[in-house]
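Undergrad: Sequence unavailable; structure follows:
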């Protein structure tokens, strides 16, 4: 089973396209700065993209609504 589930993520973010955009940007940010918002042992995923999705699930990323 993939964690976090797409259903749980889509309750937080309105569309799949926006979710991809948010996760990709955060993943690149993690790669550049190596800054994680949770302790490294708290993440289930080893890859940055999975970690970005976990941060979305935990509510650690502020998602601004588009106008």
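TA: Yep, that arrived. Computed from a predicted model, the values in this text were never measured in an experiment.
Undergrad: Going by C-alpha atoms from here, please, whenever you check contacts or count neighbours.
TA: Noted.
Undergrad: now the top helix by length along the chain: how far from the chain's centre is it?
TA: Secondary structure of the chain read by DSSP state H shows that its longest helix is helix 16-33. Relative to its chain's centre, helix 16-33 lies at 7 Å (CA atoms, centre = their mean, to the nearest Å).
Undergrad: tilt between the helix or strand following it and helix 16-33?
TA: Using DSSP states H and E, the helix or strand that directly follows helix 16-33 along the chain is helix 48-58. Here the directions of helix 48-58 and helix 16-33 differ by 120 degrees (axes from the mean of the first three to the mean of the last three CA atoms, to 10 degrees).
Undergrad: Now do helix 48-58: distance to the chain's middle.
TA: The answer for helix 48-58 is 3 Å, by CA atoms, centre = their mean.
Undergrad: same thing with stretch 49-66?
TA: Relative to its parent chain, stretch 49-66 has a centroid offset of 4 Å by CA atoms, centre = their mean.
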